[in-house]
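> Return atomic coordinates for the entry below.
(2 chains, ligands or ions: 3)
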Amino acid sequence: MTQHVWDKSAVTRVIAELQDQPGALLPILHGIQDSLGYIPPDSVPLIASALNLSRAEVHGVITFYHYFRDTPPGKHTLHLCRAESCQSMGSASLEKYVKEKLGVGFHETTADGQFSLEPVYCLGNCACSPALTVDGEIYGRVTPQRFDEILEEARGQA
Amino acid sequence: MSITVYVPIDSSALSLGAEKVAKAIAAEAETRGVAINLVRNGSRGLFWLEPLVEVETSKGRIAYGPVQAKDVPALFDADFLKGGQHALSLGPTEEIPYLKNQERLTNARVGITDPVSLDDYLTHEGYRGLKNALKLAPADIVKQVTDSGLRGRGGAAFPTGIKWNTVLNAPADQKYIVCNADEGDSGTFSDRMIMEGDPFVLIEGMTIAGLAVGATQGYIYLRVEYPHAYKNLNAAIAAAYKAGYLGKSILGSGKAFDLEVRLGAGAYVCGEETALLESLEGKRGLVRFKPPLPAIEGLFGKPTVINNVISLASVPIILDKGGDYYRDFGMGRSRGTLPIQLAGNIKRPGLIEKAFGVTLREILYDYGGGSATGRPIRAVQVGGPLGAFMPESQFDTPLDYEAFAALWAVLGHGGIVVFDDTVDMAHMARYAMEFCAEESCGKCTPCRIGSTRGVEVLDKIIGDEQRVAQLALLRDLSDTMLNGSLCALGGMTPYPVLSALNHFPEDFGAAKTEQAA
Ligand SMILES: Cc1cc2nc3c(=O)[nH]c(=O)nc-3n(C[C@H](O)[C@H](O)[C@H](O)COP(=O)(O)O)c2cc1C
Ligand code: SF4
Ligand code: FES
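Ligands and ions are numbered 1, 2, ... in the order given. Take a look at the predicted model:
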């Protein structure tokens, strides 16, 4: 596996800030992912020792939750809704289009490092299905054509 | 005086371009040198009309929609700031029948106020419930909630007052109020709309719950998919602290209540209350064995009230107007109102808060206007991914917990997802099993193994392999999951699966099966 260089001080800062809260592990994991984009596997020992947990416990929590990732994401992350309401409005064919357009499947990143594609089960935008998010920005009633525009917009951002 | 213009900041409105509309209106006003006061409200829940722009006029609020940024110059030309006529004119907002014919109790302010303005909340009857509660003994607060007939809106419909009473009577040095804001069910968004559109009503409800049972700390466990709700909740909490509605001594009463938002991380099962508590404690979201009930041993082992967003957000009006007022809405043992979420393949999707008793057909056709594609509606799934699929022959069912249970269906969180006649129900059954396999916490075998087997069996049925034997196996498997699962994820996945099979056998090759038999 490739090792990525990551900012250790960012991790220790997050840990120091949050470790005294009750139930601190999830807030810490969110804090790390917010600042680095993922949770580096090498940061697990730091988290474990700060919270008096075993590495296995911390690892178990990270892998349990779909949202946490242990590899760096692409520059932009797309979450595409696969749940029922979006299915009723054609999300399956949109999914096919998105995968072909990006040339990746779920949990993959495009070769140019621009886009990571993740599945999600409902974004609470079911009244405007099909729905997706790009870096947390939400879009509704997405057609293939609209998707192309959304991609262009994301590419245009610094 | 400047004219007030409202452009929603609700996620669904944003998903259709509301941000660009707001920016275009601000820019155009500036260019034309007119002073406007741009308020970012919640959504009225008329989603086929979003982005819905409103203008405050002498005749009340006038609506325009759906507005795109490119429409803005023409709206100014039509003098929309004074309610002028334009192709997108919808007239007075409150007169739109979809909205006018609702009974909005819990959502009374959503779409009307500035969600993060405490002043706005107060001028729209906010915090009156809390002020009443502060004058009552804890047992009397609980009694109001019991008298209201309120049942949990998160899915299981357990009487809220009874739950609170258990926590009230559990002696402990620390108790907690936990709000279940995981809203994982597809087809649901009413929790989101409250948290984005009127976060104070949830904060007030949780504060009242704290007073009622003697809890001084609250947590809102919010799904990470709702960043706008996170923002508005935190802004409202900060404002409530600043004005003394939260903290060491609520409105100088000497009673404390602290409140914090915690984020989930994309696990559906964490909406199950005990898995949620595990997650809040920083662990994997594994479902706990019951007993003990969370009301006795909940968060960090302490007595805990855990309620859904809508349950808690319905408490302020109950304490303001009385339990009897709320109970007078509804039918049978389903009292009060339900924020119905109409979604999927429907012409007019939206939030419809109605007293229990309205029928599915009224919702689908009078409100929804039929399918979005114009094709016949073939099935609806009510109550999220664990809810049954219902065929047209059941559309006259009133929305009532018991009426649904009698049909082996569930009302759940009040989400309705509509499918037209292109839907393949065998495929939907397969998806239900796949979803269960994907989201299972893994603690019990019927769910963990059964759902994976279920996908395989359905693949064979769809692929026309040993169909008769596989259908029998599917029923066996569903039986095991129904009876042997620890929680409703495994225990209710058979609802969508078997309802699809029973109501739409033709999609499972029924004709061929009969030939073979
Ligand atoms: C798999 C599963 C997922 C659930 N998801 C949610 C949810 O997202 N939101 C919710 O309020 N209740 C959810 N529930 C129901 C909760 O377990 C619990 O009944 C609810 O939080 C109680 O609050 P209430 O009485 O106010 O409804 C879920 C239950 C199960 C079994
Ligand atoms: S039914 Fe499924 S989700 Fe529920 S406890 Fe069992 S394995 Fe976990
Ligand atoms: S089902 Fe896709 S947003 Fe809810």
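
> List the residues that contact residue 61.
Let's take chain A. A:25, A:26, A:29, B:282, B:283, B:284 (C-beta atoms under 8 Å, 6 or more residues apart in numbering or on different chains). Quick note: C-beta positions are derived from backbone N, CA and C, even for glycine.

> Actually, chain B is the one I wanted.
Counting by C-beta under 8 Å, 6+ apart, residue B:61 has contacts B:6, B:54, B:55, B:92, B:93, B:94.

> could you pick out which of these are near chain A?
Restricting these to those touching chain A (C-beta under 8 Å from any C-beta of the partner chain) yields no residues.

> Now, these that are in strands?
When DSSP state E is applied, those are split such that B:6, B:54, B:55, B:92 fall in strands.

> just those residues now: which is nearest residue B:114?
Distance to residue B:114 across the ones in strands among the contacts of residue B:61 (C-beta to C-beta) is lowest for residue B:6, with 8.7 Å.

> Contact partners for the closest one?
Taking C-beta under 8 Å, 6+ apart as the test, what residue B:6 contacts is B:39, B:40, B:41, B:53, B:54, B:55, B:56, B:61.

> Ok, residue B:49 next?
B:63, B:65, B:66, B:90.

> how does it look with 10 Å?
B:13, B:16, B:43, B:63-67, B:88, B:90, B:93, B:96, B:98-99, B:348, B:350 (C-beta atoms under 10 Å, 6 or more residues apart in numbering or on different chains).

> How about residue B:42?
With C-beta under 10 Å, 6+ apart, residue B:42 has these contacts: B:6, B:8-10, B:13, B:107, B:109-115, B:192-199, B:232, B:351.

> Could you tell me which of these belong to helices?
Mapping those onto helices (DSSP state H) picks out B:13, B:192, B:193, B:194, B:195, B:196, B:197, B:199, B:232.

> Quick check: of those residues, which has the highest neighbour count?
Among those, residue B:13 has the most neighbours (other C-beta atoms under 10 Å in any protein chain shown), with 33 neighbours.

> Past the helix or strand hosting residue B:146, which element shows up next along the chain?
For residue B:146, the host element (DSSP states H and E) is helix B:138-148. Downstream of helix B:138-148, the first helix or strand assigned by DSSP H and E is helix B:160-168.

> Quick one: mean pLDDT over the helix or strand that comes right after that next one.
Using DSSP H and E, the next helix or strand after helix B:160-168 towards the C-terminus is strand B:176-181. For strand B:176-181, the mean per-residue pLDDT is 98.

> Tell me what angle strand B:176-181 forms with helix B:160-168.
150 degrees (axes from the mean of the first three to the mean of the last three C-alpha atoms, to 10 degrees).

> partners of strand B:176-181 in the sheet?
Strand B:176-181 has these partner strands in its sheet, going by DSSP bridges: strand B:217-222 (parallel), strand B:304-308 (parallel).

> okay, these in CSV with mean neighbour count and distance to residue B:238 next?
Putting the strands paired with strand B:176-181 into CSV (neighbours: other C-beta atoms under 10 Å in any protein chain shown; distance: least, C-beta to C-beta, whole Å) gives the following:
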stretch, mean neighbour count, distance to residue B:238
strand B:217-222, 24, 14
strand B:304-308, 27, 23
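
> ok, and the closest non-adjacent residue to the residue nearest the centre of chain B?
Nearest to the mean C-alpha position of chain B, by C-alpha atoms, centre = their mean, lies residue B:190 at 3.1 Å. Leaving aside its sequence neighbours, residue B:190 sits nearest to residue B:339 (C-beta to C-beta, 6 or more residues apart in numbering or on different chains; 3.9 Å).

> so the one you found is in which element?
strand B:337-344.

> Can you list the strands that that strand pairs with?
strand B:350-355 (antiparallel), strand B:415-420 (parallel).

> Please name the bridge partners of residue A:79.
Going by DSSP bridges, residue A:79 forms beta bridges with residue A:118, residue A:133.

> what's the burial count for it?
Residues near residue A:79, counting by other C-beta under 10 Å: 22.

> List the contacts of residue B:116.
B:9, B:40, B:196, B:198-200, B:231-239.

> so which of those comes closest to chain A?
Of all the contacts of residue B:116, chain A sits closest to residue B:196, with 9.4 Å by C-beta to the nearest C-beta.

> May I see the buried residues of stretch B:434-446?
B:434, B:435, B:436, B:437, B:439, B:440, B:441, B:443, B:444, B:446 (16 or more other C-beta atoms under 10 Å in any protein chain shown).

> and the fourth one, what is it in contact with?
Neighbouring residues of residue B:437 by C-beta under 10 Å, 6+ apart: B:447, B:448, B:449, B:450, B:451, B:452, B:453, B:454, B:455, B:493.

> at 6 Å what do you get?
By C-beta atoms under 6 Å, 6 or more residues apart in numbering or on different chains, the contact list for residue B:437 reads B:451, B:452.

> measure it to residue B:403 for me?
31 Å (C-beta to C-beta, to the nearest Å).

> Enumerate every residue touching the residue nearest the centre of chain A.
Centroid check for chain A by C-alpha atoms, centre = their mean gives residue A:67 as the closest residue, at 5.6 Å. Applying C-beta under 6 Å, 6+ apart, we find residue A:67 in contact with B:224, B:265, B:266.

> Let's see that with 10 Å instead.
With C-beta under 10 Å, 6+ apart, residue A:67 has these contacts: A:26, A:29-30, A:33, A:79, A:118, A:120, B:223-225, B:263-267.

> Which secondary structure state is assigned to the nearest residue to it once chain neighbours are set aside?
Excluding the flanking residues, the one nearest residue A:67 by C-beta to C-beta, 6+ apart is residue B:266, at 3.5 Å. Secondary structure assignment for residue B:266 (DSSP: H, G, I helix; E, B strand; the rest coil): coil.

> ok, now the one 3 residues further on?
Per three-state DSSP, the secondary structure class of residue B:269 is helix.

> Could you double-check that it sits in contact with residue B:288?
No: applying C-beta atoms under 10 Å as the test, residue B:269 and residue B:288 come out as separate, 11.7 Å apart.

> Among the ones in strands among the contacts of residue B:61, name the buried ones.
Judged by 16+ other C-beta under 10 Å, buried ones among these: B:6, B:54, B:55.

> looking at it, the last one is touching residue B:63, isn't it?
Yes: counting by C-beta under 10 Å, residue B:55 touches residue B:63, with 8.2 Å between them.

> Find the residues that touch each one of the two.
B:6, B:83, B:93.

> Just the closest of these to residue A:114, please.
Closest to residue A:114, out of all of the shared contacts of residue B:55 and residue B:63 and judged by C-beta to C-beta, is residue B:6, at 36.6 Å.

> Show me what the closest one is bridged to.
The partner residues for residue B:6, given DSSP bridges, come to residue B:39, residue B:54.

> Residue B:334 now?
According to DSSP bridges, beta-bridge pairing links residue B:334 with residue B:331.

> for chain A, which spans come out with low pLDDT?
Regions of chain A meeting the criterion pLDDT under 70 cover residues A:1-3, A:158.

> Can you give the distance from the strand holding residue B:339 to the centre of its chain?
8 Å (C-alpha atoms, centre = their mean, to the nearest Å).

> Could you do stretch A:7-16 as well?
So, by C-alpha atoms, centre = their mean, the centroid of stretch A:7-16 is 20 Å from its chain's centroid.

> right, is it up against chain B?
No: against chain B, stretch A:7-16 shows no contacts by C-beta under 10 Å from any C-beta of the partner chain, the least distance being 13.0 Å.

> Quick check: closest non-adjacent residue to residue B:147.
Residue B:147 sits nearest to residue B:323 (C-beta to C-beta, 6+ apart), 3.1 Å away.

> Quick check, that neighbour in contact with residue B:136.
No: with contact defined as C-beta under 10 Å, residue B:323 does not reach residue B:136; the gap is 11.7 Å.

> Compare neighbour counts for these two and give me the winner.
Neighbour count, other C-beta under 10 Å: between residue B:323 and residue B:136, residue B:323 has more, with 20 against 16.

> before we move on, back to that, got a quick ChimeraX command for the buried subset of the contacts of residue B:116?
Buried members of these can be picked out in ChimeraX with the line below, counting by 16+ other C-beta under 10 Å:
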select /B:9,40,196,198,199,200,231,232,233,234,236,237,239
